[in-house]
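Visitor: Coordinates for the following, if possible.
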Amino acid sequence: MEQRSVEGFSCYSVMPRPVAASAGSPKPSAVLYLHGGSYISPISTWHWRFIARLAAAGHRVEVPLYGLAPDYSHRDAPALLASVYRRLLEDYDSQDVAFMGDSAGGGLALAFAQQLSEWSLPQPRRLILLSPWVDVAMENPELAAVEAVDPWLSRAGLRVAARAWASGDALTDPRVSPVNGTLSGLPPTDLFVGTHDLPYPDVLKLERLLKSAGIPVSLHIADGGVHVYPLLPVPEGMAAKKKILELLQP
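Guide: Numbering: from 1, shown residues only. I've put the predicted structure just below:
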């Protein structure tokens, strides 16, 4: 693991153990991983365990610790992510890179992918979004029924975090709610979500919009699954991790 400062923020490179290359061995790949936490909480042990699993499978994982609200806002993240991605492209082709994020990190990964042209950067090979928070306004009428069965999340607290992250901009602004942004031109996208997961209705909406925009999209639903279940040590989480590792193969 290597830690460095990028644009004033800590960034970690988590490297797989070196192995001797052989004929027919898979090409090395990389993941730009953005952690969740409602844009207000730091990276957790569960995130590091998941990242370690990705690295153990042979993938380099870049983990930028973007600035958290209320000290920072969505306006501070793109320059950091662009710098990290640009450095990653010194070692990898964009088609050997995946963007991945969970919860708020999933929303940020999608928002950054929508802004890549502004930084003259190419799209990665794939987006893998775990319970992504793609609409921080949370006005979807279908959210109420899911909120009643979600054991972790509630809109009351999340709205406070959303306003802090938006920092004066509208909660519907695509930079904070990327479900409202331009979806054409994005790479193939995989969405993982549980039916007992507050973002579930908005993830279904995102899937519909991606299909309408002509983007290849796969929806992976865990019946009864809770928020960011792929990170959890439960059967559904183990199955999701296995699928994610398959998706990262060339």
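
Visitor: quick one: the strands in this protein?
Guide: 2-6, 9-14, 29-34, 59-64, 97-102, 126-130, 189-194, 217-222 (DSSP state E).

Visitor: and these as TSV, adding distance to L183?
Guide: Every residue, glycine included, has its C-beta placed from N, CA and C. TSV is the format used below for the strands of the chain (distance: least, Cβ to Cβ, whole Å):
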stretch	distance to L183
strand 2-6	28
strand 9-14	28
strand 29-34	18
strand 59-64	23
strand 97-102	14
strand 126-130	11
strand 189-194	9
strand 217-222	9
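
Visitor: Of those strands, which is nearest D76?
Guide: strand 9-14 (8.4 Å; Cβ to Cβ).

Visitor: Please save the CA atoms from the closest one in PDB.
Guide: Output in PDB follows, covering the C-alpha atoms of strand 9-14 (Å, rounded to 0.1, in the frame of the first residue of the first chain):
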ATOM      1  CA  PHE A   9      -6.100  15.000   0.000                       C
ATOM      2  CA  SER A  10      -4.800  11.600   1.000                       C
ATOM      3  CA  CYS A  11      -4.900   8.900  -1.700                       C
ATOM      4  CA  TYR A  12      -4.000   5.200  -1.300                       C
ATOM      5  CA  SER A  13      -2.800   2.800  -3.900                       C
ATOM      6  CA  VAL A  14      -3.600  -0.700  -2.800                       C
END
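
Visitor: Quick check: which helices or strands does it pack against?
Guide: On a contact count with 3 or more Cβ pairs under 8 Å, 6 or more residues apart in numbering; DSSP states H and E, strand 9-14 meets strand 2-6, helix 45-56, strand 59-64, helix 77-88.

Visitor: how about a cut-off of 6 Å?
Guide: Contacts defined by 3 or more Cβ pairs under 6 Å, 6 or more residues apart in numbering; DSSP states H and E place strand 9-14 against strand 2-6, strand 59-64.

Visitor: Tabulate the strands of the chain in a markdown table, adding columns for mean pLDDT.
Guide: Conversion of those to a markdown table gives the following (pLDDT from 0 to 100):
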| stretch | mean pLDDT |
| --- | --- |
| strand 2-6 | 97 |
| strand 9-14 | 98 |
| strand 29-34 | 97 |
| strand 59-64 | 98 |
| strand 97-102 | 98 |
| strand 126-130 | 98 |
| strand 189-194 | 98 |
| strand 217-222 | 98 |
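
Visitor: Quick one: low-confidence residue ranges for this protein.
Guide: Along the chain, the parts satisfying pLDDT under 70 run over 19-27.

Visitor: what's across from the most centrally placed residue in the chain in the sheet?
Guide: In the chain, the residue lying closest to the centroid (Cα atoms, centre = their mean) is G101, at 1.7 Å. For G101, the beta-bridge partners are L34, L129 (DSSP bridges).

Visitor: can you check L219 too?
Guide: Bridge pairing for L219 (DSSP bridges) gives the partners L191.

Visitor: Pretty sure it sits against F192.
Guide: No. Using Cβ atoms under 6 Å, L219 is not in contact with F192, being 8.4 Å away.

Visitor: sorry, back to before: out of the strands of the chain, nearest to E118?
Guide: Minimum separation from E118 across the strands of the chain (Cβ to Cβ) falls at strand 97-102, 15.7 Å.

Visitor: who's in contact with that closest one?
Guide: 30-34, 36, 108-109, 113, 124-128, 130, 228, 248 (Cβ atoms under 6 Å, 6 or more residues apart in numbering).

Visitor: re earlier: among the helices and strands packed on strand 9-14, show me which one is buried the most.
Guide: Mean neighbour count (mean count of other Cβ atoms under 10 Å) peaks for strand 59-64 among the helices and strands packed on strand 9-14, with a mean of 22.

Visitor: what residues are up against L32?
Guide: By Cβ under 6 Å, 6+ apart, the residues touching L32 are 62, 99.
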